[in-house]
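[1] only the shape, not the letters, is given here:
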């Protein structure tokens with residue numbers, strides 16, 4: 001009963017924030033006009049039009065798999081290199097400048113290079129996403145491995161704790177606490193970079209739809225595609241990463257006061 005009430009309050013708070021944002025959005029549309037800032041109803045009507053024409057799901061699928069493919073590559077490579085760099089001081093000193101350089105290169109530069117190297121299409125978008133999100137996942141994994149508590153390791157040696165228990169109870173919780181925030185940040189960057197890459201280097205996807213809306217001066221269509229991107233990001237974060245984090249980090253769940261029933 002207590003968990004149900006806590007979950008209901010959490011969803012209620014989120015819904016309140018969304019409704020407040022929609023209200024401000026509607027107020028801005030009324031204040032500045034629907035051409036400069038289309039309102040929520042205009043964006044919803046445009047989304048329904050895309051769905052009826054069969055454009056919505058094609059664009060959503062193209063953008064989703066490009067963003068997730070680039071994100072998966074960056075997450076895998078970044079986690080492996082970051083853990084190795086955090087455990088090895090020499091390797092960390094060698095890879096940190098490379099990570100800083102990659103982090104400092106703007107996404108638009110990666111898009112231009114990807115178009116020159118791979119041409120227009122999915123590969124350019126996937127490469128751009130991987131290149132821009134790799135430093136984020138690398139930094140999270142490296143910091144998690146570097147800040148491991150050596151006292152726990154010494155205690156494990158004294159009490160002869162098995163390696164499997166050390167990995168599960170000592171090392172994994174600490175590293176995950178750094179890795180998941182980095183993954184969530186990288187996921188947000190992945191969606192934005194994918195749309196940007198599609199805007200310049202693709203004929204399908206949400207970014208391509210925004211490019212077409214720009215050419216046609218269709219501000220309602222452009223706003224509709226923005227709403228679609230935000231919805232995809234929320235689904236990916238709260239439908240995949242957050243549940244996974246709750247399973248791996250159960251100790252982080254906030255427990256309210258005990259209630260009868």
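    Sure, I can see it. Computed from a prediction, not measured in an experiment: that's the story for all the values here.
[2] so which bits of the longest helix seen in the chain are buried?
    The longest helix of the chain (DSSP state H) is helix 55-87. Neighbour-count burial for helix 55-87 flags 55-56, 59-60, 62-64, 66-71, 73-75, 78-79, 81-83, 85-86 (criterion: 16 or more other Cβ atoms under 10 Å). All C-beta spots, glycine's among them, are computed from the backbone N, C-alpha and C.
[3] quick one: the next helix or strand after it to helix 55-87, angle?
    Scanning forward in sequence from helix 55-87 by DSSP states H and E, the next helix or strand is helix 89-104. If you take axes from the mean of the first three to the mean of the last three Cα atoms, to 10 degrees, helix 89-104 sits at 150 degrees to helix 55-87.
[4] quick check: mean pLDDT across helix 89-104?
    Averaging pLDDT along helix 89-104 yields 86.
[5] give me the residues contacting it.
    Contact partners of helix 89-104, identified using Cβ atoms under 8 Å, 6 or more residues apart in numbering, comprise 81, 84-86, 131-132, 134-136, 138-139, 142, 146.
[6] what angle sits between whichever helix or strand comes after that helix and helix 89-104?
    From helix 89-104 onward toward the C-terminus, using DSSP H and E, the following helix or strand is helix 107-118. Angle between the axes of helix 107-118 and helix 89-104 is 100 degrees (criterion: the same axes, to 10 degrees).
[7] and helix 107-118, what does it pack against?
    Applying 3 or more Cβ pairs under 8 Å, 6 or more residues apart in numbering; DSSP states H and E, one finds that helix 107-118 contacts helix 122-146, helix 172-201.
[8] what's the closest of those helices to residue 32?
    In terms of Cβ to Cβ, the element of the helices and strands packed on helix 107-118 nearest to residue 32 is helix 172-201, at 23.7 Å.
[9] next, the angle from the closest one to helix 55-87.
    Using the same axes, to 10 degrees: helix 172-201 against helix 55-87 is 140 degrees.
[10] give the rounded mean pLDDT of helix 172-201.
    86.
[11] off-centre distance for the helix or strand that it is followed by?
    Scanning forward in sequence from helix 172-201 by DSSP H and E, the next helix or strand is helix 206-215. Here the centre of helix 206-215 is set off from its chain's centre by 22 Å, with Cα atoms, centre = their mean, to the nearest Å.
[12] helices or strands next to helix 206-215 in the packing?
    Applying 3+ Cβ pairs under 8 Å, 6+ apart, one finds that helix 206-215 contacts helix 55-87, helix 172-201, helix 219-236.
[13] how about those helices, which one is nearest residue 44?
    Closest approach to residue 44 among those (Cβ to Cβ): helix 219-236, 7.6 Å.
[14] ok, residue 175 touching residue 82?
    No: judged on Cβ atoms under 8 Å, residue 175 makes no contact with residue 82 at a distance of 9.3 Å.
[15] and the contacts of helix 89-104, which is closest to residue 112?
    Nearest to residue 112 among the contacts of helix 89-104: residue 131, at 12.0 Å, using Cβ to Cβ.
[16] distance of the residue nearest to that closest one when sequence neighbours are not counted relative to residue 49?
    With Cβ to Cβ, 6 or more residues apart in numbering as the criterion, residue 131 has its nearest non-adjacent residue at 4.9 Å, and that residue is residue 110. From residue 110 across to residue 49, the span is 33 Å (Cβ to Cβ, to the nearest Å).
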